[in-house]
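**Q** predicted model, plus sequence, below.
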Amino acid sequence: MSADENDEMLTERDVIAAATRLPGVVVVTADEASGAPEAAWGDSFVYLDPDRKFPFATIVTQDVPGWDTYSALDRDGAFRVNFGVGRAGFEELLGYPPAAHAAHADGIDFTVGDRLLPHPTYAAQSWVSIVCPTRASLPLVLDLLGRAHAHAARRHRTG
């Protein structure tokens, strides 16, 4: 892969395809027909079937004024992939526990692309994110999907 190909941004379809290769996964993209609120149309939610109560990963394609504009997703082609990795996974990846996120959040630029970040609104719930991932970060995206899937499977088993 050349350096130019490495810098090429992944697409939402790339992430959905990777997620659906995991066992028992269902991806739902919100639209008017799904009954989802308009603010979520175009966003995708990755579930461990038959759960479908709580996604373990999401792909967010737009800012939601008054709620989440931290990643400046109003840029052409911008999206953010979010992963619920659990407390231990969050701490392993970011070096501090989710409960300590407020003490770290001020120095974080949530618009930076292709970098592992705490989720701008759900870090305290053990979520991490990547804005505008590139082909170079595909191994990380796959790892995070695997971690989030495993965490969801553990939660599903212990109900």
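**A** Sure, I can see it.
**Q** what's the neighbour count on V15?
**A** Counted by other C-beta atoms under 10 Å, the residues lying close to V15 total 24. Yep, even glycine has a C-beta here, placed from its N, CA and C like the rest.
**Q** next, the distance between the ends of stretch 38-54.
**A** Chord length of stretch 38-54, first to last residue, is 19 Å (C-alpha to C-alpha, to the nearest Å).
**Q** what are the buried residues along it?
**A** Neighbour-count burial for stretch 38-54 flags 40, 42-48, 51 (criterion: 16 or more other C-beta atoms under 10 Å).
**Q** now for the top helix by length along the chain, which elements pack on it?
**A** The longest helix of the chain (DSSP state H) is helix 138-158. Judged by 3 or more C-beta pairs under 8 Å, 6 or more residues apart in numbering; DSSP states H and E, the packing partners of helix 138-158 are helix 12-20, strand 44-48, strand 57-60, strand 80-84, helix 86-94, strand 127-131.
**Q** can I get the CA coordinates of the third one in CSV?
**A** Extracted C-alpha coordinates of strand 57-60, given in CSV (Å, rounded to 0.1, in the frame of the first residue of the first chain):
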residue,chain,number,x,y,z
ALA,A,57,-20.3,0.7,18.4
THR,A,58,-21.8,3.6,16.4
ILE,A,59,-20.9,5.6,13.3
VAL,A,60,-22.0,9.2,13.7
